[in-house]
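**Q** structure here, sequence nowhere to be found:
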């Protein structure tokens, strides 16, 4: 029995995150990882890889970073969970308030879905309204019904659960304005990632802020990915637009499970005890303040203050993008294979077929060939510990992979080159 078969017998999909599933990887991808250090990982079968996946974009310093792991271990040896608050959760909340522009309070959870959905519940409580507007082009905002119900994977989600959430088009301010007009006086919040690999169009975020203010809605930034990656101080430092609430996670503890909902005091206080309004049941999780995660987050913040992590992520990401584009140019396929974006810390890979259309098959082929040369790259997530050896190996692997990709373009097909099925979208109706 293979590991995949064994895992699928006891875990639906064989993994606890859909983007880790075997349908998301080439046939020659490692079935499982058993350890990691810095910017490298080791597979169950003994193979070693340069890792550009980095735990689905949340290990931004490096695997098994000694100072962070030691802080987490020291904390859990004093007791992992208690029935009263602890100094660590207060200290971490204070640190986040000091770090991130425009926030006064924070509350902890374990993942971004909980934080984002809690933000919407809080916005509904504060405004007394029910409808929310969300970025319909976002790859992911939450596992909860308000988002998943609008995707092809909506089995089990009642229509009533999605009727109060309305998608808009990112960078299209008019699409947001139309929804405010259609649901005048009913919109509680607008939620979106402030940016992905591209900067928002000029005036877009400013326009969202103005629309929310004009219509009495709250603006929520999903910074689960952008936080601790683009800046340590929140996207408002980059773009000059402050949300009312924001969610952070992933990089804030270098892979340890913790997230946070943060925001203005006059909004966040509705989840507390110092008011006379109807109570909002806001993020009451058993393990949201477990000691190891809190300690890891504090150690991560200390590491960022001692090292130029943000700058290193930007420089390393640009080097990886350059490795791909240079290899593609050398292979004569610059029009079909590329990587880049406005932010070095989050470059995107573009894989096109011979008709210059986005192609999952060609993306799978490229990753397949990288894997043959010891590079795991389902996407590009640079870390602080990716160094010269990892970059050199990646450059060499890109050269080899681009040559095979060029054969597919010349043959107008991946047939005979791709060794298994192409990857599939996570958000699809049927397997």
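**A** Cool, got the structure. Small disclaimer: the values here were computed from a predicted structure and weren't measured.

**Q** every contact and neighbour count from this point should use C-alpha atoms.
**A** Fine.

**Q** check what pLDDT residue 33 gets.
**A** Per-residue confidence (pLDDT) for residue 33: 98.

**Q** which stretches of the stretch 201-350 of the chain form helices?
**A** Secondary structure of the stretch 201-350 of the chain by DSSP state H, counting those that start in this stretch: the helices cover 204-215, 235-239, 265-268, 291-306, 309-330.

**Q** want to try TSV for these, with mean pLDDT, distance to residue 14 and mean neighbour count as columns?
**A** Formatted as TSV, these follow (pLDDT from 0 to 100; distance: least, Cα to Cα, whole Å; neighbours: other Cα atoms under 10 Å):
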stretch	mean pLDDT	distance to residue 14	mean neighbour count
helix 204-215	98	39	17
helix 235-239	96	35	17
helix 265-268	97	38	18
helix 291-306	98	26	22
helix 309-330	98	30	21
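
**Q** out of those, nearest to residue 153?
**A** Proximity to residue 153 (Cα to Cα) singles out helix 204-215 among those, at 28.6 Å.

**Q** tell me how far the closest one is from the chain's mean position?
**A** Taking Cα atoms, centre = their mean, to the nearest Å, one finds helix 204-215 lying 24 Å from the centre of the chain it belongs to.

**Q** helices or strands next to it in the packing?
**A** Using 3 or more Cα pairs under 8 Å, 6 or more residues apart in numbering; DSSP states H and E, the elements in contact with helix 204-215 are helix 173-182, strand 187-192, strand 218-223.

**Q** next, the angle from the last one to helix 204-215.
**A** By that I understand strand 218-223. 150 degrees (axes from the mean of the first three to the mean of the last three Cα atoms, to 10 degrees).

**Q** residue ranges of the strands in this structure, please?
**A** Assigned by DSSP state E, the strands in the chain fall at 33-37, 40-43, 48-51, 105-109, 131-135, 165-168, 187-192, 218-223, 245-248, 259-263, 337-340, 348-351, 375-376.

**Q** averaged pLDDT, the shortest one. What do you get?
**A** Per-residue pLDDT over strand 375-376 has a mean of 98.

**Q** that strand - which strands sit beside it in the sheet, and in what orientation?
**A** Strand 375-376 sits in its sheet next to strand 48-51 (parallel), going by DSSP bridges.

**Q** contact partners of the strand it pairs with?
**A** 39-43, 371, 374-377, 390, 393-394 (Cα atoms under 8 Å, 6 or more residues apart in numbering).

**Q** can you put the helices and strands packed on helix 204-215 in TSV and add mean pLDDT, distance to residue 418 and mean neighbour count?
**A** Converted to TSV, the helices and strands packed on helix 204-215 look like this (pLDDT from 0 to 100; distance: least, Cα to Cα, whole Å; neighbours: other Cα under 10 Å):
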stretch	mean pLDDT	distance to residue 418	mean neighbour count
helix 173-182	98	40	16
strand 187-192	98	36	26
strand 218-223	98	36	27
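
**Q** pull the helix or strand with minimum mean pLDDT from this structure.
**A** One helix or strand of the chain scores below all others by mean pLDDT, DSSP states H and E: helix 159-162, with a mean of 91.

**Q** quick one: list the elements packing against it.
**A** Contact here means 3+ Cα pairs under 8 Å, 6+ apart; on that basis helix 159-162 packs against helix 145-148.

**Q** can you pull the contacts of residue 271?
**A** For residue 271, the contact set (Cα under 8 Å, 6+ apart) comprises 122, 279, 280, 281, 282.

**Q** if I look at it, how far off is residue 219?
**A** 17 Å (Cα to Cα, to the nearest Å).

**Q** again, but for residue 60
**A** Going from residue 60 to residue 219 by Cα to Cα gives 27 Å.

**Q** now residue 226
**A** Counting by Cα to Cα, the gap from residue 226 to residue 219 is 16 Å.

**Q** give me the most central residue, this protein.
**A** residue 225 (3.9 Å; Cα atoms, centre = their mean).

**Q** now for the residue nearest to that residue when sequence neighbours are not counted: which residues touch it?
**A** Nearest residue to residue 225, sequence neighbours excluded (Cα to Cα, 6 or more residues apart in numbering): residue 250, at 6.4 Å. Residues near residue 250 by Cα under 8 Å, 6+ apart: 57, 58, 59, 111, 112, 224, 225, 256, 257, 258, 259.

**Q** most neighbours among those residues, which one is it?
**A** When these are compared by neighbour count (other Cα atoms under 10 Å), residue 259 ends up highest, at 30 neighbours.

**Q** my guess is it meets residue 249, correct?
**A** Yes. If you go by Cα atoms under 8 Å, residue 259 and residue 249 touch, sitting 4.0 Å apart.
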